[in-house]
Every structure is written in C-alpha cells, then in structure tokens.
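>>> Would you be able to build a 3D model of this:
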Amino acid sequence: MIVRLLSSVLLAWILGFAWFAILLPQPLGEQQTDAVVVPTGGPLRIDRGLEALRNKWADRLLISGVDRDVRPAELSAQYPGSTELFDCCVDLGFRAYDTRSNGIETARWAKQRKVTSVRLVTTDWHMRRAEYELHRALPDDIAIYTDAVASKPSLMTLWREYNKLVLRVLAGLFGV
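Coordinates of the predicted model:
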C-alpha cells in the first residue's frame, strides 16, 4: 500500500516536471492592462516592461525588488531612450527581496494606484511561481495577465524552479 502511494506521488511529481519544462509560458502580446509589474532578477524583463509602456499596453510600470543602492537615474541610464518613461511612468520598489515579497510589494503598490489589471513580466521559467505569489497577494478583483520573456533555461534551472514551485504550493496549502 505504501509503495503504491509513494510510486503514485513520484509519478505525479515526474509528470508535473515534464509539464512544467515542456509547456513554458509565452509572451502576452498587445493586451491592455492598467499596469506592468517586473520582478528584478532576469535579463530582458525590464526591457519587456518598458516595451509595454512604449506601446501603450499599460500606463505604469513597477520594477519590484530593486536594490536599495540603485538610484532611478542610474537605472534609466541602462536603458537608452527610456529617461522620459522613467520620469513619468516607472516606480521602483525597494522592499522585495524574493518572489514572495515581490507579490506583497506589488499588492501594496496596486492598492495605492487603484490598479484593476496587471501585466506580469518575468522569465518564462519563473512565471508560474511569480504568478502564484501574485495571486496569493492581490485581491481577487485584480486581473493578472502573464507576459513571459522567452529564455533557454538549463535543465537544472527548470528542475530547481519546479521544486521551488511545488514546495511553495505545498506550504501555501498549510497556510505558510
């Protein structure tokens, strides 16, 4: 009986990893939202968020998890031609330090801005866990649209991220 149960759990875990690794989230396209949220930590995420602003797919951008030593002018200088966007439409969040706190920081920001829809921009392999944390932190009346930045993750990156997601979901089931 225990062997069958353990075998079933192992099979579900392996099939879950296959689903996770093969069907990575995709870019969103031209969907309109009130705001864009970009957790720091991966290449091309901020570029994609700025693209959404330039194309008027959203009015504001939150970059969550910015290091406290970073100044807005320094950050905008890394994205040529984006100074005006940073001046008018980009907010930097300095409180988040991981994916879970990105969700909490975003929820506070969204409440202050009276946001009703969010475009979440992060790397494809990170999207599911980032979306999970955002769903946990945001009220149900705020729509979340995922906009994945395509990457070529290693098998080890996918393995670690899948296991982080599984552990986080299990912790969430127990109210942690």
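
>>> mind exporting whichever strand or helix holds residue 135 as PDB, just the C-alpha atoms?
Element membership for residue 135, per DSSP states H and E: helix 127-137. C-alpha atoms of helix 127-137 as PDB (Å, rounded to 0.1, in the frame of the first residue of the first chain):
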ATOM      1  CA  MET A 127       6.500  32.800 -14.400                       C
ATOM      2  CA  ARG A 128       4.400  30.100 -12.700                       C
ATOM      3  CA  ARG A 129       5.900  30.800  -9.300                       C
ATOM      4  CA  ALA A 130       5.700  34.600  -9.700                       C
ATOM      5  CA  GLU A 131       2.100  34.300 -10.800                       C
ATOM      6  CA  TYR A 132       1.300  32.000  -7.900                       C
ATOM      7  CA  GLU A 133       2.700  34.600  -5.400                       C
ATOM      8  CA  LEU A 134       0.900  37.500  -7.100                       C
ATOM      9  CA  HIS A 135      -2.400  35.600  -7.000                       C
ATOM     10  CA  ARG A 136      -1.900  35.000  -3.200                       C
ATOM     11  CA  ALA A 137      -1.100  38.700  -2.500                       C
END
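
>>> what comes up buried for that helix?
By 16 or more other C-beta atoms under 10 Å, the buried positions in helix 127-137 come out as 127-134, 137. Where you see a C-beta, it was placed from the backbone N, CA and C, and this is true even at glycine.

>>> so for that helix, what's the average pLDDT?
Averaged over helix 127-137, pLDDT sits at 98.

>>> Convert the C-alpha atoms of the next helix or strand after that helix to PDB, please.
Helices and strands here follow DSSP H and E; after helix 127-137, the next one along the chain is strand 143-149. Provided in PDB are the C-alpha atoms of strand 143-149 (Å, rounded to 0.1, in the frame of the first residue of the first chain):
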ATOM      1  CA  ALA A 143      -6.800  40.600 -13.100                       C
ATOM      2  CA  ILE A 144      -3.300  39.100 -13.800                       C
ATOM      3  CA  TYR A 145      -2.000  38.600 -17.300                       C
ATOM      4  CA  THR A 146       1.200  36.800 -17.800                       C
ATOM      5  CA  ASP A 147       3.800  38.100 -20.200                       C
ATOM      6  CA  ALA A 148       6.800  35.700 -20.300                       C
ATOM      7  CA  VAL A 149      10.200  36.600 -21.500                       C
END
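
>>> Right, I'll call it a day here.
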